[in-house]
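Peer 1: what's the 3D shape of this:
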Amino acid sequence: MHNEKINDISTRLFYAKDELTNLLPQSLQYDFFLQSYISGGCIYSLYHEKEPKDYDFFVESEELAMKLREYFMNEASYKSEIRSGGLYKDINMTITQNAISLGKYQIITQWIGKPEEVINQFDFKHNMTYWKNGNVACLSDWRFVRGNKIYYNEGRARDIVGTIVRLPRFVERGMSVSNKEVSKMLLRLNDIGFSEREIEILENNQLDHFGS
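Peer 2: Numbering: from 1, shown residues only. So this is what the prediction gives:
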């Protein structure tokens, strides 16, 4: 059953990547094909036979990320420091500091690097999976993906406030989190402390600024 699910997920993600690649300019398609991978909650959703809300693509090259941002910023019909966008090939496009969104597809530009470099910094263990070149891999343990409990990745070194803020999203989707796991997050936050930007976001109740 597990292997069948993995094969089905790989097929779905192959078509997702193919569709997004075809939306890109021809000059960037080859590099994107070679230097991108899919990760995040979509693999967990597909494993549990649910339709993903979106698909997160990551790239391994700063240069490619810069070229993608430059291209889509040139295509934007409105621009600001916080959010730019418009329609791109009849698809809603949004560009922020963190990502380029084309409908249900997101190209993450905030975190760039090989899967091991990026995914080992994910906040929750059930999301520490990725698809690249036809293979689905898990950098935590498949038992976290099979289950419906939230486990904190204590190796995460960034954005602890965002981790805590995102918890209700997963609870609303039917997952649960123990006091022990919340304690781990709070202790990590105590070690690192708040940044000035995090305090500003919290004071202004702009929690959507905490990306995935």
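
Peer 1: Could you use CA atoms for every contact and neighbour count after this?
Peer 2: Fine.

Peer 1: so what's residue 126 up against?
Peer 2: With contact set as Cα atoms under 8 Å, 6 or more residues apart in numbering, residue 126 has these partners: 44, 140, 142, 144-145, 150-151.

Peer 1: Residue 200: which element?
Peer 2: According to DSSP states H and E, residue 200 maps onto helix 196-203.

Peer 1: Return the members of the contacts of residue 126 classed as buried.
Peer 2: 44, 140, 144-145, 150-151 (16 or more other Cα atoms under 10 Å).

Peer 1: where's residue 3, which helix or strand?
Peer 2: Applying DSSP H and E as the criterion places residue 3 in helix 2-23.

Peer 1: Pull out the buried positions in that helix.
Peer 2: 6, 9-10, 13-14, 16-17, 20-21.

Peer 1: Distance to residue 30 and pLDDT added to those residues, as TSV?
Peer 2: Output for those, formatted as TSV (distance: Cα to Cα, whole Å; pLDDT from 0 to 100):
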residue	distance to residue 30	pLDDT
6	26	96
9	23	97
10	20	97
13	17	98
14	15	97
16	16	98
17	12	98
20	12	98
21	8	98
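
Peer 1: I'd like to know which of those residues is nearest to residue 101.
Peer 2: residue 20 (10.6 Å; Cα to Cα).

Peer 1: correct me, but that closest one touches residue 104?
Peer 2: No. Residue 20 lies out of contact with residue 104 (Cα atoms under 8 Å); the separation is 9.6 Å.

Peer 1: re the thing from before, just flag the most distant two among the buried residues of helix 2-23.
Peer 2: 6 and 21 (22.1 Å).

Peer 1: pretty sure residue 58 is touching residue 110, no?
Peer 2: No. Counting by Cα under 8 Å, residue 58 sits too far from residue 110 to count as a contact (9.2 Å).

Peer 1: Those two: who's more crowded?
Peer 2: When neighbours are counted by other Cα atoms under 10 Å, residue 58 and residue 110 differ, and residue 58 comes out ahead with 27 against 14.

Peer 1: got a pLDDT number for the more buried one?
Peer 2: pLDDT, residue 58: 98.

Peer 1: Surely it is in a helix?
Peer 2: No. Secondary structure of residue 58 (DSSP: H, G, I helix; E, B strand; the rest coil): strand, not part of a helix.

Peer 1: now it, which residues is it bridged with?
Peer 2: Under the criterion DSSP bridges, residue 58 forms beta bridges with residue 37, residue 108.
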